[in-house]
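> Any chance you could fold what I've pasted below:
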Amino acid sequence: MMLDWNQYRQQIKAGVGEYAKITPETVKGYAALSNAANATNHLDAKTRELIALAVAVTAKCDGCITVHTDAAIRHGATKDEIAEALSVAIAIGAGAALVYTTRVMDAYNQHPSTQG
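Predicted coordinates:
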């Protein structure tokens, strides 16, 4: 096991609670933003959590991973569904890297020393 995710999730919750004491409006603002994303109910809670997991992986956010894995499981997501959502994250990550390679090549091609 790489990390005790259950303990880490509790640490995140405690840390956010402590931060909320220092700057409650920031945490209230985050909560409002998070709640707004759920307000339309065009997607069910499980689907939203699967998307959140894919985004968490691409954002490399361990706190997001533990919180949204817990929520996805609570909303009935299976291991196979989570794996499929993560496969989408992997594909997008690889695709984004491929697309951004064109930016590097463009920067190279525009560099004064490569102009002939």
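> Just the C-alphas of the helix or strand bottoming out on mean pLDDT in the chain, formatted as PDB.
Lowest on mean pLDDT, DSSP states H and E among the helices and strands of the chain sits helix 24-38, with a mean of 92. Only the C-alpha atoms of helix 24-38 are listed here, as PDB (Å, rounded to 0.1, in the frame of the first residue of the first chain):
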ATOM      1  CA  PRO A  24     -14.200  30.900   6.300                       C
ATOM      2  CA  GLU A  25     -15.400  32.900   3.200                       C
ATOM      3  CA  THR A  26     -12.800  31.100   1.000                       C
ATOM      4  CA  VAL A  27     -14.100  27.700   2.100                       C
ATOM      5  CA  LYS A  28     -17.800  28.900   1.800                       C
ATOM      6  CA  GLY A  29     -17.000  30.100  -1.700                       C
ATOM      7  CA  TYR A  30     -15.500  26.700  -2.600                       C
ATOM      8  CA  ALA A  31     -18.500  25.000  -1.200                       C
ATOM      9  CA  ALA A  32     -20.800  27.200  -3.200                       C
ATOM     10  CA  LEU A  33     -18.900  26.500  -6.400                       C
ATOM     11  CA  SER A  34     -18.900  22.700  -5.700                       C
ATOM     12  CA  ASN A  35     -22.700  22.800  -4.900                       C
ATOM     13  CA  ALA A  36     -23.400  24.800  -8.000                       C
ATOM     14  CA  ALA A  37     -21.900  22.000 -10.100                       C
ATOM     15  CA  ASN A  38     -24.400  19.600  -8.700                       C
END
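> Show me what counts as buried in it.
The neighbour-count criterion (16 or more other C-beta atoms under 10 Å) identifies no buried residues in helix 24-38. Where you see a C-beta, it was placed from the backbone N, CA and C, and this is true even at glycine.
> That helix packs against which elements?
Helices and strands touching helix 24-38, as assessed by 3 or more C-beta pairs under 8 Å, 6 or more residues apart in numbering; DSSP states H and E, comprise helix 5-22, helix 45-59.
> go again using 6 Å as the cut-off
Counting contacts by 3 or more C-beta pairs under 6 Å, 6 or more residues apart in numbering; DSSP states H and E, helix 24-38 packs against no other helix or strand.
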